[in-house]
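Visitor: make a model of this:
(one chain, ligands or ions: 1)
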Amino acid sequence: MRKQIAAANWKMNLTLEQGEALLNDLLAIPHTLTENQEVVFGIPFPYLTSIKTKLAGKTNIYVAAQNCSNKRSGAYTGETSVEMLKSIGVDYVIIGHSERREYFNETNAMLAEKVNLCFEYGLKPIFCCGEALEIREAGTQNSFVENQLIESLFHLSAEQLTGFVIAYEPIWAIGTGKTATSEQAQEMHAHIRAVLTTKYGSAIANSISILYGGSVKAANAKEIFGQPDVDGGLVGGASLIAEEFAAIINSLK
Ligand code: 13P
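Guide: Modelled structure (predicted):
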């Protein structure tokens, strides 16, 4: 059975002190993780080492960087390489978040380069895809998301793709309080899995966790995660509130 994952994306929020206090509060709330469930904290670069240390020994709890460079190494001031992240024990990296695509002009081709480096260094990508409101309104969201997958992931072999996580985040639902309905989420997740099946076969497609992101909160997590092709969530705003995120973790299948 594929992994069920509650992933926090703190984005550019919280000081180190605030982040540590949030984790203390969260870990103090009873939550149970089965063997098949994971919690991932997508935190700012400067806190990766200290928070990784803080979480040491906790079963099925991991840290993710929110980005990585598409360059291997060298004269790229301000960039952080996949190799650097691996060297400090980071487990996952969020790749292609819509905010990075929109504000930092990340293209599908650049994301393909990042994904290649992740495979090479053994860092697990949480690969984000999802359409803007105009595309949803035009009814072309399925082919749009399919194209994102084709251009950034489909050069990989089935073996290379194993262990990757995909996050479907409709841009119109991010930070807006306007969640996709559970039917809309399931429809797109089933489409993504069908596209993966066509390319890689059903064994690989069924092993890949597909997370939903976009205004997930305690009040809607159970219904969304209850859909057959939704394997958890990538959570922004609600991951900054200990009680909310604890309830989201407890909503995993
Ligand atoms: P919100 O949960 O704040 O809508 O953010 C979703 C997101 O972008 C997670 O990566």
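
Visitor: just the terminal-to-terminal distance for stretch 65-85.
Guide: Start-to-end span of stretch 65-85 (C-alpha to C-alpha, to the nearest Å) is 8 Å.

Visitor: repeat that for stretch 121-137.
Guide: Across its full length, stretch 121-137 reaches 39 Å between end residues, using C-alpha to C-alpha.

Visitor: what residues of stretch 54-74 count as buried?
Guide: For stretch 54-74, the neighbour count (16 or more other C-beta atoms under 10 Å) marks 54, 61-70 as buried. For glycine as for every other residue, the C-beta is placed from the backbone atoms N, C-alpha and C.

Visitor: all helices for the chain, in order.
Guide: Counting by DSSP state H, the segments of the chain that form helices are 16-28, 48-54, 82-87, 98-103, 108-121, 133-138, 141-153, 158-161, 182-200, 202-207, 218-225, 242-249.

Visitor: got the ones you listed as a markdown table, with distance to the ligand and mean pLDDT columns?
Guide: Output for those, formatted as a markdown table (distance: least, C-beta to the nearest ligand atom, whole Å; pLDDT from 0 to 100):
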| stretch | distance to the ligand | mean pLDDT |
| --- | --- | --- |
| helix 16-28 | 15 | 96 |
| helix 48-54 | 17 | 96 |
| helix 82-87 | 18 | 98 |
| helix 98-103 | 7 | 97 |
| helix 108-121 | 15 | 97 |
| helix 133-138 | 14 | 93 |
| helix 141-153 | 15 | 98 |
| helix 158-161 | 21 | 92 |
| helix 182-200 | 13 | 97 |
| helix 202-207 | 22 | 96 |
| helix 218-225 | 11 | 97 |
| helix 242-249 | 10 | 97 |
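
Visitor: of those helices, flag the one that's most buried.
Guide: Comparing these by mean neighbour count (mean count of other C-beta atoms under 10 Å), helix 242-249 comes out on top with a mean of 21.

Visitor: quick check: closest non-adjacent residue to the closest residue to the ligand within the stretch 1-150 of the chain.
Guide: Across the stretch 1-150 of the chain, the shortest distance to the ligand (C-beta to the nearest ligand atom) belongs to N9, at 3.7 Å. In space, and not counting its chain neighbours, N9 is closest to G42: 4.2 Å by C-beta to C-beta, 6 or more residues apart in numbering.

Visitor: mind exporting the C-alpha coordinates of stretch 71-79 to CSV?
Guide: Taking C-alpha atoms only, stretch 71-79 is exported to CSV below (Å, rounded to 0.1, in the frame of the first residue of the first chain):
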residue,chain,number,x,y,z
LYS,A,71,22.4,23.5,-11.2
ARG,A,72,24.8,20.9,-9.8
SER,A,73,27.3,23.2,-8.2
GLY,A,74,29.5,26.2,-8.9
ALA,A,75,29.2,30.0,-9.2
TYR,A,76,25.5,30.4,-8.5
THR,A,77,25.4,32.8,-5.6
GLY,A,78,22.5,32.3,-3.3
GLU,A,79,21.5,28.9,-4.7
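
Visitor: which residues sit against that stretch?
Guide: 69, 81-83, 113, 117 (C-beta atoms under 8 Å, 6 or more residues apart in numbering).

Visitor: local confidence estimate at the residue nearest to K217 when sequence neighbours are not counted?
Guide: Using C-beta to C-beta, 6+ apart and skipping the chain neighbours, the partner closest in space to K217 is A238 (4.4 Å). As predicted, A238 sits at a pLDDT of 97.
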